[in-house]
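> Sharing a model prediction with you, sequence too.
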Amino acid sequence: MANNVRLIDVTKCMACKGCQVACKQWNQLPAVETEFTGSYENPADLDFVTWSRVKFNEHANNGEVKWYFNFFSCMHCTEAGCMEICPVDAISRTDTGAVIINHEECIACGACTGACPFEIPRGPEVDEKAYKCNFCLHRVAAGYATACSKACPSGAVTFGTADEKIAEAEARVAELQERGVANAQLYGVDELGGMGVIYVLADSPDMYGLPVSPTVSYTTHLWKVAMRPLKTLAMAGLVAGMLGSWYTFRREKVKKENEKAAK
Amino acid sequence: MTNHWIDYRNSDVIMNIGGNTVENHPISMKWIQAALDNGAKLISVDPRFTRTSAVSDLYAPIRPGTNVAFFSGLINYAIENNKYHEEYVKLFTNASSLINPDFGYSDGLFTGVQDAPDLGDGQKSYDRTSWDYQRDEEGNILKDETLQDSNCVWQLFKNHYARYNVQTVSEITGCPEDKFVEVAEMFCSTGEPGKAGNISYAMGLTQFTHGSQNVRSCAILQLLLGNVGIAGGGVNAQRGQSNVQGACDMGQLFHIVTGYMPMPSDGQDLAAYNAAAPDSGYWVNRPKFMASMLKAFWGDNATEENDFHFDYLPRLDKNRSSVAYYTYMAKGEIKGLFCFADNPVVGGANTIRKRRAQAELDWLVCADIYENETAAFWKAPDMNPEEVDTEVFLLPACMHFEKEGTITNSGRWIQWRHKAQDPPGEAKPDYWIVNQLFHAIRNLYEEEGGAFPGPIVDMYWDYGDDEVDIPKVCMEINGFYWDTGELATGFGDITGSDDGEVAAGSWIYTGFYADEADPACKNRTRETEGLGLNHDWSFAWPANRRIVYNRCSCDAEGNPWNPDKALFRWEDNEWVTIDVPDFNANVPPEETADKPFIMTPELQSRLFAGLTGTMVDGPFPEHYEPWESITANRMSDVQFNPVCKVWYPEDRGESADYPYIATTYRLTEHYQTGIMTRNNPWLVEAMPEMFCEISPSLAAEIGVENGDMVEIESKRGTIQCKVAVTPRVKPLMINGEEKEIVGMPWHWGFKGLSSGASANDLTPTIGCANTTIPEFKSFICNIRRAG
């Protein structure tokens, strides 16, 4: 079956958060307690019950204000760092391209969060399992689009096959450039072997809080090689302990890289 | 709306002013986006850079309360730069009509001004006699088709607007001159025949002491550019709640009954009421519509002999607006209040006074889905329960998805909505509650008598004893022949029969439920090609017409201004109709060419709204400052609307004490007073707390940072909330001085899962001179770090 893609055309996004709330509703995820810190963006981060959110990126330059919005959730990458690093092979790809976590197998080591260039999977510290967007597995199996795209009123979030969506995204970028949006660009087609989420951006990715060149780190590849024997031993506790410290280190590193990119 | 949501896709330029369409009407973006995909432009005019501004092609700032000046500048720009649609103006407006030579304007006041101490110290009213047309002996309006006569509307109009040049408008509104000219160029480009410009707005135009003149200004600009009655054009009021349109249609406003007929005034009998109806235009049928409404109300008891019990209708003895009745309540003149799906203690103006006023009530009945702040007013943080004797009844109402019925959207589409699920517990639909109340009250009147029992005991009320028969209610609104029960199919059934032969609750709805088995409001066939008019999807009043005043879409000979988006075309000696005609389509186009506005007695639209209209504060809109302002009126010595009623003069702050401009608004994440949304965990998560927004420069001045707590004070009260410091809010240059803005959402109150300060604790008790809608959107305040 063909890979599916979520196309996020930020030039049509109005940050209504319909996608964010639809995600919680369909997946029956409880609300988390949030606070107003001066931004419309809430929740402020992903967590084990928050699999998607809308980012508000405010830029002021010589009195001209730009307010860029983007829907942010699992990218379902072809080169999926999370899948690669998972010591117990709890993360797999479905035949429609969704990267999913098997919670029966997950040992809550947190390695996947660290290995993800977007730091998407979350949860070990709360629930002992990692959680993230599952590309509305059951909806899609039944022939429906993802909840986020179903809810979107303006056509900013849509869902379809990779070929169809990539062609649509390419045409849209060309159209935007023609209209004078000089920085209009694709994101996700070439990145990470082709992501399951394709963005049409009006500006460079860092203006949207996205890493300019997301990569799965070399360390992740090394770990994969090193982990093979461990996996067979299924020494979960040991693995979790080892990975825990690595995860913390890696998380800090990703954060710094993202902050750097944002500047 | 003259047009409808889907029609936005037909626009060349969309200007959203006095509204925040993306945040408050997100679905509009679906159709705006379709227009943008076709190369249209979106303009956002707003005091703040909003989510609408973020997706717009052009953003222009404006000081709250200066929309008349902004529109006037655009009108003047269109005239001076010859951007207007000359042929349209000559045909379809009253530009050529001659006005009484006695009419004039001087220093903020029109002729006929007189003192009106009952409205407040120094306030005025108008004897509007001089605001009339010159007429011949038969009463026909005199005209000068060359538009040269110095007393013709066009000349008066041009002179009035010449005062609003770009520099003046920029100094009043704070919109930089270059930005203003960009807006003017972009929007006035739609004055070219065949181009369509849409103005969408909401409460940011209406909620001012001059709110009606804001809307008139918008309409005048659209007429000047030829944007009324065409696909993609229009004066489009985006309703803040989907069924507000339906509520107005059903006569919920204090000054009208159903179908936009005026409330009878004190002492008026039916003959006098009917004599006051216009003697030309479609409103000549008003006596028929009134009789049909009375027949629907009192059935067999309403006869020609007893004037269909016109005497049973309440009379408008004085201002009975929501602003007014709370002032009467505060004086103890009102003893009881029914409050259905309304939360005035959060959503009304000057809510501190409202809470105190409610303590003067003997009883209060609230129906809502949660205990709202209005029901709980006695335990508000600023109230002492021991001092409140009001008995409060809280009835559990159900939500819209838990009952069936119709809903009328901003585009006037009356759509059937099925019940999706049963309400929880004892929650009941409002109509069930009203039905029970009515039966109980009628029983009391029948058993015990009482003052003036007639209107209740004689009322025709036959909707079932327990469960309400909603189709029956619909059929009564739609209208039926009283004797046979045959359903009315259009207004013709009312106008073509004897008075009272047809009973119709709201004449404009006739046809929406003309077929009991298959009513039009349940139609659900999508249009697959065409302009998106969707005549087979629900029913739009009037007569399933999707774009009103649509004769204006064609020139005198019946050629559409834009053949690609034609609503009609005169071809082979007959009209080809795409929309439902708002004119007589049985006659050649020349016969209707200068009569496209059938609802005005002059059959044309009004650049000058004089005696034939109802504006009490001037035939041309004029800029006045809001009641509270940080600056003096640059246009005249009259500071604020001279004709509005001042309820509490002592509530007015001075800019020396309150140096900042304050305004209020809504957020996507919450709805109205928050009863539905502040109790929904997912929405509370998305927008958890009350806050205000200020510029970095104001933040530096008062020493606060993003997320700090601040205290905002007006003459009415003080609130505390968090602050967002954002470059999206900027100070504006007003009459040579830099002025800061404090913006705040008004969704919060002291109850609910997410509680917080109410912005309306700060807003004043004052309303528009014409409608008394409160001036929520512009007042003055001070702000400081809390604690």
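Yep, it's here.
> so who does whichever residue of the stretch 451-600 of chain B sits closest to chain A touch?
Nearest to chain A, among the residues of the stretch 451-600 of chain B, is B:Gly532, at 15.7 Å (C-beta to the nearest C-beta). (Each C-beta comes from the backbone N, C-alpha and C, glycine too.) When contacts are counted by C-beta atoms under 8 Å, 6 or more residues apart in numbering or on different chains, B:Gly532 touches B:6-7, B:9-10.
> make it 6 Å
B:Ile6 (C-beta atoms under 6 Å, 6 or more residues apart in numbering or on different chains).
> next one: the one 10 residues further on
For B:Pro542, the contacting residues are B:Ile508, taking C-beta under 6 Å, 6+ apart as the criterion.
> Tell me if I'm right that B:His210 and B:Phe640 touch.
No - when contacts are counted by C-beta atoms under 6 Å, B:His210 is not listed as touching B:Phe640 (8.2 Å).
> Which residue of the two possesses the greater neighbour count?
Between B:His210 and B:Phe640, counted using other C-beta atoms under 10 Å in any protein chain shown, the more crowded position is B:His210 (31 against 23).
> which non-adjacent residue is nearest the more buried one?
Of all residues not flanking B:His210 in the chain, B:Asn641 sits nearest, at 4.9 Å (C-beta to C-beta, 6 or more residues apart in numbering or on different chains).
> any idea how far the one you found is from chain A?
33 Å (C-beta to the nearest C-beta, to the nearest Å).
> That residue - how many residues pack around it?
31.
> same check, this time on the one 5 residues further on
In terms of burial, B:Val646 registers 18 neighbours under the definition other C-beta under 10 Å.
> before we move on, what about B:Ile369?
Neighbour number of B:Ile369 under other C-beta under 10 Å is 18.
> buried sites along the longest helix seen in chain B?
Scanning chain B for the helix with the most residues, using DSSP state H, yields helix B:430-448. Buried residues in helix B:430-448, counted by 16 or more other C-beta atoms under 10 Å in any protein chain shown: B:430-435, B:442, B:445.
> just checking, A:Arg139 is part of a helix?
Yes - A:Arg139 sits within a helix when classified using DSSP: H, G, I helix; E, B strand; the rest coil.
> For it, grab the count of nearby residues.
17.
> if I look at it, how far off is B:Pro764?
50 Å (C-beta to C-beta, to the nearest Å).
> hang on, the earlier thing: residue contacts, the residue nearest to B:His210?
Counted by C-beta under 6 Å, 6+ apart, B:Asn641 has contacts B:209-210, B:617, B:624, B:769.
> same check, this time on B:Lys288
B:494-495.
> Now do the helices for chain A: every range, in order, please.
Here chain A has its helices, by DSSP H, at A:18-26, A:81-85, A:111-115, A:124-127, A:137-141, A:147-151, A:162-178, A:218-233, A:236-262.
> now the stretch 351-500 of chain B
With DSSP state H, counting those that start in this stretch, the ranges of helices along the stretch 351-500 of chain B come out as B:351-358, B:430-448, B:454-457, B:470-478, B:491-495.
> Same list, those helices, but as a markdown table with mean pLDDT and distance to B:Thr528 please.
A markdown table is the format used below for the helices of the stretch 351-500 of chain B (pLDDT from 0 to 100; distance: least, C-beta to C-beta, whole Å):
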| stretch | mean pLDDT | distance to B:Thr528 |
| --- | --- | --- |
| helix B:351-358 | 98 | 49 |
| helix B:430-448 | 96 | 36 |
| helix B:454-457 | 97 | 50 |
| helix B:470-478 | 98 | 28 |
| helix B:491-495 | 97 | 30 |
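> Adding distance to B:Met15 as columns, could you present these in a markdown table?
Converted to a markdown table, those look like this (distance: least, C-beta to C-beta, whole Å):
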| stretch | distance to B:Met15 |
| --- | --- |
| helix B:351-358 | 32 |
| helix B:430-448 | 36 |
| helix B:454-457 | 46 |
| helix B:470-478 | 35 |
| helix B:491-495 | 33 |
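> give me the low-pLDDT residue ranges for chain A?
Counting by pLDDT under 70, the ranges of chain A that qualify are A:1-2, A:124-127, A:225, A:227-263.
> what does it have sitting close to chain B?
A:12, A:14-17, A:21, A:24, A:31-32, A:34-38, A:42, A:60, A:65, A:67, A:153-154 (C-beta under 6 Å from any C-beta of the partner chain).
> List buried residues within those.
So, by 16+ other C-beta under 10 Å, the buried ones in the residues of chain A next to chain B are A:12, A:14-17, A:21, A:24, A:31-32, A:34, A:36, A:38, A:42, A:65, A:67, A:153-154.
> quick revisit: among the helices of the stretch 351-500 of chain B, which comes closest to B:Asp708?
Among the helices of the stretch 351-500 of chain B, helix B:351-358 comes nearest to B:Asp708, with 24.3 Å by C-beta to C-beta.
> Mind giving me the packing neighbours of that closest one?
helix B:322-330, helix B:344-347 (3 or more C-beta pairs under 6 Å, 6 or more residues apart in numbering or on different chains; DSSP states H and E).
> So which bits of stretch A:57-69 are buried?
A:57-58, A:65-69.
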